[in-house]
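Peer 1: please work out how this folds:
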Amino acid sequence: MAEDTFRNFVAGGVAIATLCIVAMAIVAIFLYRAFAKLREKVERIADKAEPVVDTVRSIVNENAPKVNSIMTSAQSAADHVREITSVAKDQAHHFGEVGRDIADRAKVQVARVDAAVDETVEQVQNLGGNVKAAVRKPMNEVSGVVAGVRAAVSAYAQGRGPDIARVAQDEEMFI
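Peer 2: Numbers count the residues shown, from 1 in each chain. The predicted model follows:
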């Protein structure tokens, strides 16, 4: 019985292998058909693309000298732009230095003007004080003389001098 079981087992394995081979053959047929359809589509696209490719080739061949000329001109322009940029950088640095120098000089001049204005204001204030003193001194002297004249006129107008009762009363009010 072991031998029959073994033969049946081997026969089953062979049957499964045969089914696998048949399935692979069917899949291969379907793949062949799919690739054939794909090949037809690619050939149609290639037939349609061939005139476009030929047109592009002719355009490229016709315009190659122009493209080379444009590339040469662009390279020359790029070189000029580099030179201009370099000169512009140098000029910008130079202008920056000149601007800083002008700003420094302007600061110095503003400081000088500020100091001169401060000094002038101080001198004007001193002059104002001196003018006030010069005007006040004679005014005070004139005021003193006028007060003296007034006192003299008052004393002369009243006679001999103030009476003693009045002086005592004035002193008491003062105290």
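
Peer 1: pull the longest helix from the protein.
Peer 2: In terms of residue count, the longest helix belonging to the chain (DSSP state H) is helix 2-158.

Peer 1: give the other helices and strands that that one contacts.
Peer 2: Packed against helix 2-158, as judged by 3 or more CB pairs under 8 Å, 6 or more residues apart in numbering; DSSP states H and E, are no other helices or strands. Just so you know, the C-beta spots here come from the backbone N, C-alpha and C atoms, and that holds for glycine as well.

Peer 1: distance of A28 from I21?
Peer 2: 10 Å (CB to CB, to the nearest Å).

Peer 1: got it, and T120?
Peer 2: 119 Å.

Peer 1: same question, Q91
Peer 2: 85 Å.

Peer 1: stretch 50-65: how far from the chain's middle?
Peer 2: 50 Å (CA atoms, centre = their mean, to the nearest Å).

Peer 1: same check, this time on stretch 42-61
Peer 2: With CA atoms, centre = their mean as the basis, the mean position of stretch 42-61 lies at 53 Å from the chain mean.

Peer 1: quick thing: my sequence starts at 38, can you match it?
Peer 2: New numbering, starting at 38: the last item is stretch 79-98.

Peer 1: can I get it in CSV, CA atoms only?
Peer 2: In CSV, the C-alpha atoms belonging to stretch 79-98 read as follows (Å, rounded to 0.1, in the frame of the first residue of the first chain):
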residue,chain,number,x,y,z
VAL,A,79,4.1,51.7,-30.9
GLU,A,80,4.6,51.3,-34.7
ARG,A,81,1.6,53.6,-35.4
ILE,A,82,3.0,56.2,-33.0
ALA,A,83,6.5,55.8,-34.5
ASP,A,84,5.0,56.3,-38.0
LYS,A,85,3.3,59.5,-36.8
ALA,A,86,6.3,60.8,-34.9
GLU,A,87,8.8,60.2,-37.8
PRO,A,88,7.7,63.3,-39.8
VAL,A,89,7.9,65.4,-36.6
VAL,A,90,11.4,64.1,-35.9
ASP,A,91,12.4,64.8,-39.4
THR,A,92,11.0,68.4,-39.1
VAL,A,93,12.8,68.9,-35.8
ARG,A,94,16.0,67.6,-37.4
SER,A,95,15.7,70.0,-40.4
ILE,A,96,14.9,72.9,-38.1
VAL,A,97,17.9,72.1,-35.9
ASN,A,98,20.2,71.7,-38.9
